[in-house]
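Visitor: Test case, fold it:
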Amino acid sequence: MIYTVTFNPALDYVISVDHFQTGVVNRVNEEHIFVGGKGINVSFILKELGYSTKALGFTAGFTGEKVKAGVKEMGVDGDFIDVEEGMSRINVKLRSDEETEINGMGPHITEADLYKLFAKLYKMGKSDVLVLSGSIPSCVPNNIYETILEKLASKNIYAVVDATGQLLVNVLKYKPFLIKPNNFEIEDIFNVKLQGEEDIVKYAKKLQEMGARNVLVSLAGDGSLLVDENGETHRMGVCKGKVKNSVGAGDSMVAGFIAGYLKNGDYEEALELGTASGGATAFSDSLATKDFIYENLRNLRGNK
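Guide: Next up is the predicted model:
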């Protein structure tokens, strides 16, 4: 079974405005509401690729009820913990000449709520996959990912961590199966300026020395790079298409990589499907569909 954890899911209110200006009334010409959250995004793409998941996390208030209903409509099996104080976030994603985001606060998660999450995670067994992705709310201890992996260390699970800074660095000693920093995040971790692909590989291997088994580096318009646990480096270009949406593209890459690896344990195939999944979401108004992912996969292979 694949488990995803979203500490702070949200309703994403995505609006388009022509030439947005501050200090005046702006008229929306297009609007959508999506259920947001990095773990939820991973669960949806995995569902599209034929894999069942259990989406865990915390919800509260009337917005939390909408989040749970939306996850169900997405065809994802949600198992959320209801929090008493606060409400699930509403995030505003403004698309205009530039993309702007205003993210809400989210509910107050207590220690008792965290123990409920741990109880659900304890049900995991050998070779199950756990995806920990995104930032964490300020009410949660900043070592929570580390604590989760420590508690599950004896279960021999596949841990996938998509986080930044110390949140990522602190889990490396638990030897996560996969981490997905981008080049800028690597620069922040090591306080360096990467000069090219050779440097990216060098510092990806340093992350392996710190504990990561596989390091997937997203390079935005320059594609992606994987340093796998066998010492091999894999390089992948980008899918061809018009970028419409950056929200969820990285999560889609993670989901595609997991699905590709679970198919037959081939890292090159995992990187291909991850790249195709990320590109398909970037070229869509929301998260990508199965058919569009495989269309991008065919095009990606045709351009190699």
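Visitor: can you map out the helices along the chain?
Guide: Assigned by DSSP state H, the chain shows helices spanning 38-48, 61-73, 111-121, 144-151, 165-169, 183-190, 197-209, 249-264, 267-282, 290-302.
Visitor: and the third one, which residues are buried?
Guide: Spelled out, it's helix 111-121. Of the residues in helix 111-121, Asp113, Leu114, Leu117, Leu121 count as buried by neighbour count, 16 or more other CB atoms under 10 Å. All C-beta spots, glycine's among them, are computed from the backbone N, C-alpha and C.
Visitor: For the third one, list the residues it contacts.
Guide: In this case it means Leu117. Val5, Leu56, Phe58, Ile81 (CB atoms under 8 Å, 6 or more residues apart in numbering).
Visitor: And the pLDDT for the residue most central in space within the chain?
Guide: For the chain, Asp251 is the residue whose C-alpha lies nearest the centre (CA atoms, centre = their mean; 3.2 Å). Looking at Asp251, its pLDDT is 95.
Visitor: Out of the contacts of Leu117, list just those in strands.
Guide: Counted as lying in strands by DSSP state E, out of those, are Val5, Leu56, Phe58, Ile81.
Visitor: Closest one to Ile33 out of these, please.
Guide: Phe58 (19.8 Å; CB to CB).
Visitor: Give me the number of neighbouring residues for Gly231.
Guide: Residues lying near Gly231 (other CB atoms under 10 Å) number 8.
Visitor: Repeat that for Thr53.
Guide: Thr53: 24 neighbours (other CB under 10 Å).
Visitor: Distance of it relative to Asp79?
Guide: Taken as CB to CB, to the nearest Å, the spacing of Thr53 relative to Asp79 amounts to 10 Å.
Visitor: what does Ser224 give?
Guide: For Ser224, the distance to Asp79 - CB to CB - is 31 Å.
Visitor: Compare these two and say which is more crowded by neighbours.
Guide: Using other CB under 10 Å, the more surrounded residue of Ser224 and Asp79 is Ser224, with 23 against 13.
Visitor: Look up how far Leu94 lies from Val17.
Guide: On the measure of CB to CB, Val17 and Leu94 end up 6 Å apart.
Visitor: I'd say the residue nearest to the centre of the chain and Ile45 touch.
Guide: Yes: taking contacts as CB atoms under 8 Å, Asp251 lies within contact range of Ile45: 7.0 Å.
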